[in-house]
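Undergrad: Provided below for reference: sequence and predicted model.
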There are 2 protein chains.
Amino acid sequence: MKTDLDSLMQARHLDALLVLGNAEYNPPFTYLTGGGHVAHATLIKKRGEPAVLYCNPMEREEAAKSGLQIHLYDEFPLSELNKEARGDAALVSALRLQKMLLAQGVQGRVGVYGTTDLSAAFAMLSHAAPFLPSVQFVGETREDSVFMAAMETKDQAEVERIRHMGQVTTEVVRLTRDLLTQSPVRADEVLLKEDGSPLTVGDVKAQISLWLAERGAEPREGFIFAIGRDAGIPHSVGNPADLMRLGQTIVFDIYPAEQGGGYFYDFTRTWSLGYASPQAQELYRQVKAAYDKVQENLDLNASFRQYQVLTCELFEKDGHPTPRTVKGPLQGYVHSLGHGVGLNIHERPWSGLGADDSNRLQPGVVMTIEPGLYYPEQGMGFRIEDTYHVRPDGVFERLAEFPYDFVLPMKHWKP
Amino acid sequence: MKTDLDSLMQARHLDALLVLGNAEYNPPFTYLTGGGHVAHATLIKKRGEPAVLYCNPMEREEAAKSGLQIHLYDEFPLSELNKEARGDAALVSALRLQKMLLAQGVQGRVGVYGTTDLSAAFAMLSHAAPFLPSVQFVGETREDSVFMAAMETKDQAEVERIRHMGQVTTEVVRLTRDLLTQSPVRADEVLLKEDGSPLTVGDVKAQISLWLAERGAEPREGFIFAIGRDAGIPHSVGNPADLMRLGQTIVFDIYPAEQGGGYFYDFTRTWSLGYASPQAQELYRQVKAAYDKVQENLDLNASFRQYQVLTCELFEKDGHPTPRTVKGPLQGYVHSLGHGVGLNIHERPWSGLGADDSNRLQPGVVMTIEPGLYYPEQGMGFRIEDTYHVRPDGVFERLAEFPYDFVLPMKHWKP
């Protein structure tokens, strides 16, 4: 949680955090400011002190919404910086950074963060270093950064934002299901649009994007709506030209975020329209059984990885390859069980076999459970995914509800 | 243009370019790959040679669409890197970078680019430097980077993508105009929705976002739809709660991009619904006269800045403050005349009074012309903006057409 930042900084010997870039689409910045339209700002947080924000005068009002102490870049007039730097633009930015850090009394190890223009930031930091002998700039890997560690547990306000995205997500999934099941069906089992032409994956995806936009959400990292063989390849987002047909597995994995770069939700259902082969029904049953077994056995503070082991055991009993039995399997169970969800679609805790025991289902964690089975050569894939909140009282709360039906009856077609 | 990259690298003494991050929402990456869903890749371009792309095996097919030579990260197995780095994740990424650069024979000054996670990139570059004694990593300021210089002129394929966004933009502006002019009007001159409640700026903005999504465009940097006093503040995006009323200036500045982080278009019209005060009509006339005068005088290869000077002269004759007469004016003409448009909404050439003569209207430039006048305390603002392409034959072609009417007659209201 945000309140853990100071102790996390202490553990990493970080004396200050420097966050660069926009307030939007920039998780560490959004985390400390709450978002908003601030295009160019510099956030400085010393350990044990609240963050301060430097911004352009024009963006002062928007920046003030963060509740942080606001400073203006104008405190260090550009005309003087230009004179000092003799027109070297990289040096101008470096001198301004130097003056901001000195004004804030920053010394020691300073972690640098932000989704931003690497070239400009690297130029600024490289040029500033010689002027700041008492400062050492430090980078951290994405997975193990102080922000990723703090973000691993959510406060109630964050959970409510994720829950709201869950409502939006399941509303859109419901609309999608109704669109499919109410479509007319041609003699060759292809779904049709109102104008009589075939309904394509591209048509459905365009409609889903619209429904998300209407609800203040955006498919910031895309989404997966894949049928048949594509459903059997976990990272295939779906081929827009594919026709919607009866009796084929459809994997619909949707992970929208609040517009402007906010919190994500992550959700998957697998459907087969009208009917399904006995083999597909059996594989779906196995995925659902694994999902149920994991969900029933979730324990507060347990290692997330142990449920990946459990899922592998279950699928191995059913005769499927898993990451335990095959290195980099291409069929069977081919991924890990879940991941944390927040301002990043994938964040701590991790559940892979390589994840260590610090990845625990501790109170405040919001994470997915998403077992799946994939047989691309047989033209089918299956995944069920929901997002859960580990409540302080030890209850694992699913943040949005949606039925688990696999075969969806068609309104205008009978088996 | 892309074909200028090698000579631009030569002029900056850059031996290679290293671009990190996603292929989407990352202008240098999109520029060299054409976009596509590649989440984690490393692009290396040596001077005088085509770029090569390292990616994960799972993203190989998507990466191949770029037409670049593809290598897989697997060439340097993670298990071996982990052993060599003794589990230090930052070192793992640094060692992999070292091996990629050595495999590609990269030496000398290597420019680093990409909109990406600064912390992870900085950690990787800092850790890699000691292992690469013959390489020096270099950052460039955003405005003067080798990419910004190359992007300043567009090839025909790029122009056609911008032109298409211009068509989308003007279609959406037309729909917006029709929505407004066909709305019922209450006795107090407030516009109403179908259900009889007042039409707000927020309602109009939500509808505009939907219309963009339907056309494969996204308001990636937002857009401005501001009425009254907000229209008089150039960077105010509009207050969602404001009611739509007759007789107030509306500044509608819309700059959507292709979905996935592609090319932008930039466009503004100013409207007053039903009627306008004589003062507003006169100010609009002055803005339109300045726009026309600039447009008629555009000369191939002229300095962009000279048209900013011309605009200031025209507005000064009309008695307005300008950036020539007031430092940082808050009313009158308060910004610069235009800017380049491409994969960045603002890019070279620049037209501000501080821009040097290298910012020229050379063949291949795509830029905006956008004079405006702002009087927030009088509750009004005006701007007209179109995007132009400087054709190789010297013609300045406006990339989309839309009428310049200021007062829009209302269907259900008479003055």
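TA: Alright, I've got the coordinates. Residues are numbered from 1 along each chain as shown, chains lettered A, B, ... in the order given.
Undergrad: and the strands in the stretch 151-300 of chain A, which stretches?
TA: Secondary structure of the stretch 151-300 of chain A by DSSP state E, counting those that start in this stretch: the strands cover A:217-218, A:223-227, A:249-254, A:257-258, A:267-273.
Undergrad: what's the answer for the stretch 1-150 of chain A, then?
TA: A:16-21, A:41-46, A:52-55, A:69-72, A:108-113, A:115-117, A:135-138.
Undergrad: mind listing what's buried along stretch A:304-319?
TA: For stretch A:304-319, burial by neighbour count (16 or more other Cβ atoms under 10 Å in any protein chain shown) applies to A:304-308, A:310-312, A:314-315, A:318. Just so you know, the C-beta spots here come from the backbone N, C-alpha and C atoms, and that holds for glycine as well.
Undergrad: distance from stretch A:197-206 to the middle of the chain?
TA: The chain centroid and the centroid of stretch A:197-206 are separated by 26 Å, computed with Cα atoms, centre = their mean, to the nearest Å.
Undergrad: got the buried residues for that stretch?
TA: A:198-201, A:203-206.
Undergrad: repeat for stretch A:66-74
TA: Quick answer for stretch A:66-74 (16+ other Cβ under 10 Å): A:66, A:68, A:70-71, A:73.
Undergrad: list just the nearest of those to residue A:211.
TA: Of all the buried residues of stretch A:66-74, residue A:211 sits closest to residue A:66, with 30.7 Å by Cβ to Cβ.
Undergrad: I figured that closest one was touching residue A:37, is that so?
TA: No - between residue A:66 and residue A:37 there is no contact under Cβ atoms under 8 Å: 11.4 Å.
Undergrad: between the two, what contacts are shared?
TA: Here residue A:66 and residue A:37 share the contacting residues residue A:23, scored by Cβ atoms under 8 Å, 6 or more residues apart in numbering or on different chains.
Undergrad: from one end of stretch A:186-200 to the other, what's the distance?
TA: Terminal residues of stretch A:186-200 are spaced 13 Å apart (Cα to Cα, to the nearest Å).
Undergrad: any bit of it sitting next to chain B?
TA: No - if you take Cβ under 8 Å from any Cβ of the partner chain as the test, stretch A:186-200 misses chain B, and the best it gets is 14.9 Å.
Undergrad: just give me the longest helix of chain A.
TA: Counting residues, the longest helix in chain A under DSSP state H turns out to be helix A:156-181.
Undergrad: now name the helix or strand holding the most centrally placed residue in chain A.
TA: With distances taken as Cα atoms, centre = their mean, the residue of chain A nearest its centroid is residue A:345 (0.6 Å). Under the criterion DSSP states H and E, no helix or strand holds residue A:345.
Undergrad: out of the strands of the stretch 1-150 of chain A, flag the one nearest residue B:53.
TA: strand A:115-117 (20.3 Å).
Undergrad: given the closest one, what are its sheet partners and their directions?
TA: strand B:115-117 (antiparallel) (DSSP bridges).
Undergrad: show me how far the strand it pairs with is from its chain's centre.
TA: Mean C-alpha position of strand B:115-117 versus that of the full chain (Cα atoms, centre = their mean) differs by 18 Å.
Undergrad: what are the contacting residues of it?
TA: A:113-118, A:142, B:20-22, B:25-27, B:29.
Undergrad: quick one: average confidence on that strand?
TA: Strand B:115-117 shows a mean pLDDT of 93.
Undergrad: do stretch A:162-180 as well
TA: Mean predicted confidence for stretch A:162-180 is 98.
Undergrad: tell me the buried residues in that stretch?
TA: Buried residues in stretch A:162-180 (16+ other Cβ under 10 Å): A:162-166, A:168-173, A:176-177, A:179-180.
Undergrad: can I see the domain layout of chain A?
TA: Chain A breaks down into these domains under automatic domain parsing: A:2-149, A:153-408.
Undergrad: quick one: which of those is nearest residue B:322?
TA: Here domain A:2-149 is closest among the domains of chain A (Cβ to Cβ), at 17.7 Å.
Undergrad: and residue A:410, helix, strand or coil?
TA: Secondary structure, DSSP: H, G, I helix; E, B strand; the rest coil: residue A:410 is coil.
Undergrad: what distance do you get for it to residue A:228?
TA: Distance, residue A:410 to residue A:228, by Cβ to Cβ, to the nearest Å: 17 Å.
Undergrad: residue A:249 reaches residue A:227, doesn't it?
TA: Yes - contact status for residue A:249 versus residue A:227: in contact at 7.2 Å, counting by Cβ under 8 Å.
Undergrad: for these two, indicate the residue with more neighbours.
TA: Neighbours per residue (other Cβ atoms under 10 Å in any protein chain shown) separate residue A:249 from residue A:227, with residue A:249 holding more: 29 against 26.
Undergrad: for the stretch 151-300 of chain A, which residue gets nearest to chain B?
TA: Residue nearest to chain B within the stretch 151-300 of chain A (Cβ to the nearest Cβ): residue A:213, separated by 4.7 Å.
Undergrad: quick one: contacts for that residue?
TA: Taking Cβ under 8 Å, 6+ apart, one finds B:209-210, B:213 in contact with residue A:213.
Undergrad: what about these, which are in helices?
TA: Among the contacts of residue A:213, the members falling in helices are B:209-210, B:213 (criterion: DSSP H).
Undergrad: tell me where the stretch 251-400 of chain A has helices.
TA: Secondary structure of the stretch 251-400 of chain A by DSSP state H, counting those that start in this stretch: the helices cover A:278-296, A:305-317.
Undergrad: as CSV, the ones you listed with mean pLDDT would be great.
TA: CSV is the format used below for the helices of the stretch 251-400 of chain A (pLDDT from 0 to 100):
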stretch, mean pLDDT
helix A:278-296, 98
helix A:305-317, 98
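Undergrad: closest to residue B:286 out of these?
TA: helix A:278-296 (66.9 Å).
Undergrad: which of the residues in that closest one are buried?
TA: Buried residues in helix A:278-296, counted by 16+ other Cβ under 10 Å: A:280, A:283-284, A:286-288, A:290-291, A:294-295.
Undergrad: which one of the residues you listed is nearest residue B:365?
TA: Nearest to residue B:365 among those is residue A:287, at 55.3 Å by Cβ to Cβ.
Undergrad: contacting residues for the closest one?
TA: Shown in contact with residue A:287 (Cβ under 8 Å, 6+ apart): A:270, A:371-373, A:382-384.
Undergrad: repeat that for 10 Å
TA: By Cβ atoms under 10 Å, 6 or more residues apart in numbering or on different chains, the contact list for residue A:287 reads A:270, A:311, A:314-315, A:318, A:333, A:370-373, A:381-384, A:404, A:406.
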